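A.B. asks: Dropping the sequence and predicted coords here.
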Amino acid sequence: MSDWRPSARQVERDATRRRLRMRSATIATVATVVVIGLLLWVVTASPGWPRVRETFFSWEDAKASFPDVLKGFWKNVLLFLLAEPLILVLGALVAVVRSTTTAALFPLRLLATFYTDLFRGVPTLLVVILAGFGIPALQLQGITNDTFWLGLFALVLSYGAYVAEVFRAGIDSIHPSQLASADALGLSHGQAMRYVVLPQATRRVVPPLLNDFISLQKDTALLSSIFVFESLFAAQDYAAYNFNYTPIVVVAVLFVALTIPLARFTDWMGRRMMRRERAGVR
Amino acid sequence: MQTPRFLLALGVAPVLFLALACAPVDDSSTATDTPSSPAPDASDSGSATADPAACAADVVRTPGTLTIGTDSPAYDPWFSKNDPTNGEGFESAVAYAVAEKLGFTGDAVQWTKVPFNSSYAPGAKKFDFDINQISITPKRAEVVDFSDGYYAAAQAVIVIKGSAGEGVTSVSELQGLKLGAQTGTTSLTAIRDVIQPDSDPVVFKDTSAAKQALLNGQVDAILADLPTAFYITAVEIPKGTIVGQFQPETGAQEEFGMLFEKGSPLVDCVNQALGVLREDGTLDSIQQRWLSDVVDVPVLQQ
């Protein structure tokens, strides 16, 4: 083994490959520098850039607004952390109801269909406003007037409908042969759903569910319209008094810092699942 | 090794194209008649002559037309029936009076909708001035220009009759209540800096949200400037009542001013017009007509 040497042809091949690799890396670097440089130049050379830098990227205003913005941001975080589990439960429940076939359950199916149709059709903002102003106007006993909780309720209602449809797509994607096999093993329809269909369906819809989760994070900002003083509203409030939009950029950075890791995690999870399901087949 | 290069070329081309397509062009001189920086001769001619009309003729965005911005909805009593063009309501009346002094008849005045949040956005403005109950503050004046003040408003506290807030006689008694006001207003500043309540103030996007929250009992009291408060309690929430007014004693008295693009040469012309209107009593009579009845509201002890 030790006296093996690459043949002259092998050496030549390796050299050619190295050269080509170098060339492609150089071209990629130059192209990236040119494109990014050009974009930066377009922005910074524009006549309004000094004003824009002052209004959107002022370090003083970022520092001054940060405590309030961060305080608001915890409300966003709390909102989506509380809402997401409720949404998953509601969505799964509605999806299962819609997948039943028993004749006696028809009214429930009708209700579930009506719910998904209605709440996917109505813009989330309207649901939020209706819940935040409409429910307190009913003057019901024992129901909170706090728009934080009412807004949470609205988000769960609205996103529950989307997630129900994601779950239903997952359930529908399980091949009928799986149900037939379960039937052959003597499982009832309910058991087949519980032990055969749902576990596979849930695995399959994890990436779109995380997608909805990221979307939910951003939509917590809608609660500003029912005076929940979350981060975006705190930023706008600062902007209104100081005529400076920097805090809004600060909020954007906070949201991106939160969603990018989650997006990467979603990607990784999707790839891992594909690897497992295909079991080595490429 | 062939594919990545091909893909790269494919990927770079549209980006390059995009970058070139939106290469910077200074269009402020072609798009509007208003220079983006103050023209030296404009301010000279402004202060030299005492005639606001001569001053304004050449510096408006569209020759022959005065473009005025305000938010929609335009609230009473500042405007009337959400229609700034009818000349009714305090600010509409002031705007038309100023326009007349600047040499623009009613027909030559054009109104445009300007949400408050975008009124201070950088870049060329689509209005000659914006009149929208905007308080003059030094921090704001770094970004935009303001005219001289045309009104100084006291703050009023509105509660629902028979609720916890009724019977309040001093500012310190307000501290225990759940208070709310609209974002960006002096009312909210008054809550934060003057009242300093025990719980965080509730911040509203607009007055409509504030009124609904008050009706629903989601807040104990809302603050607004006195004329707005009058309209709310007289027309919109008959169950509401003004328990008192106070003039926030934080630094200089805050006044409403018209908002201009930074460096607008029109500022001097409008200030001349306002000066004339103040001297001949027009401003007072407009205020008397649209913002009267200020006397019988008790003043809260500070």
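C.D. replies: Okay, I see it.

A.B. asks: what are the ranges of the helices in chain B?
C.D. replies: All helices of chain B, identified by DSSP state H, fall at B:2-21, B:28-31, B:40-48, B:52-56, B:90-101, B:116-119, B:138-141, B:186-189, B:207-216, B:226-231, B:266-279, B:282-290.

A.B. asks: for the fourth one, which positions count as buried?
C.D. replies: When neighbours are counted by 16 or more other CB atoms under 10 Å in any protein chain shown, the buried residues of helix B:52-56 are found to be B:52, B:54-56. All C-beta spots, glycine's among them, are computed from the backbone N, C-alpha and C.

A.B. asks: quick check: mean pLDDT across that helix?
C.D. replies: On average, the pLDDT along helix B:52-56 is 79.

A.B. asks: what do you get for the second one?
C.D. replies: Throughout helix B:28-31, pLDDT has a mean value of 40.

A.B. asks: try the last one
C.D. replies: Here helix B:282-290 scores 85 as its mean pLDDT.

A.B. asks: by contact count, what packs against it?
C.D. replies: Counting contacts by 3 or more CB pairs under 8 Å, 6 or more residues apart in numbering or on different chains; DSSP states H and E, helix B:282-290 is packed against helix B:90-101, helix B:266-279.

A.B. asks: Go through those and pick out the most buried.
C.D. replies: Highest mean neighbour count of those: helix B:90-101, a mean of 23 (counted as mean count of other CB atoms under 10 Å in any protein chain shown).

A.B. asks: So what touches it?
C.D. replies: Residues outside helix B:90-101 that contact it (CB atoms under 8 Å, 6 or more residues apart in numbering or on different chains): B:52-53, B:66, B:68, B:70, B:74, B:77-80, B:84-87, B:105-106, B:108-109, B:131-133, B:150-151, B:227, B:258, B:270, B:272-274, B:276-277, B:282-283, B:286-287, B:289-291.

A.B. asks: want to throw the helices and strands packed on helix B:282-290 into JSON lines with distance to residue A:92?
C.D. replies: Shown next, in JSON lines, are the helices and strands packed on helix B:282-290 (distance: least, CB to CB, whole Å):
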{"stretch": "helix B:90-101", "distance to residue A:92": "55"}
{"stretch": "helix B:266-279", "distance to residue A:92": "62"}
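
A.B. asks: Same list, the ones you listed, but as TSV with mean pLDDT please.
C.D. replies: TSV is the format used below for the helices and strands packed on helix B:282-290 (pLDDT from 0 to 100):
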stretch	mean pLDDT
helix B:90-101	91
helix B:266-279	91
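
A.B. asks: Nearest to chain B: which residue in chain A?
C.D. replies: Of all residues in chain A, residue A:240 sits closest to chain B, at 2.9 Å by CB to the nearest CB.

A.B. asks: and the gap between that residue and residue A:47?
C.D. replies: Separation of residue A:240 from residue A:47 (CB to CB, to the nearest Å) stands at 26 Å.

A.B. asks: Those two: who's more crowded?
C.D. replies: Between residue A:240 and residue A:47, counted using other CB atoms under 10 Å in any protein chain shown, residue A:240 has the larger neighbour count: 20 against 14.

A.B. asks: pretty sure the residue of chain A closest to chain B is in a helix, no?
C.D. replies: Yes: under DSSP: H, G, I helix; E, B strand; the rest coil, residue A:240 sits within a helix.

A.B. asks: residues of stretch B:128-144 that come out buried?
C.D. replies: Residues B:128-137, B:140, B:143-144 are the ones in stretch B:128-144 that count as buried (16+ other CB under 10 Å).

A.B. asks: ok, so of those residues, who is nearest residue A:247?
C.D. replies: Distance to residue A:247 across the buried residues of stretch B:128-144 (CB to CB) is lowest for residue B:143, with 14.4 Å.
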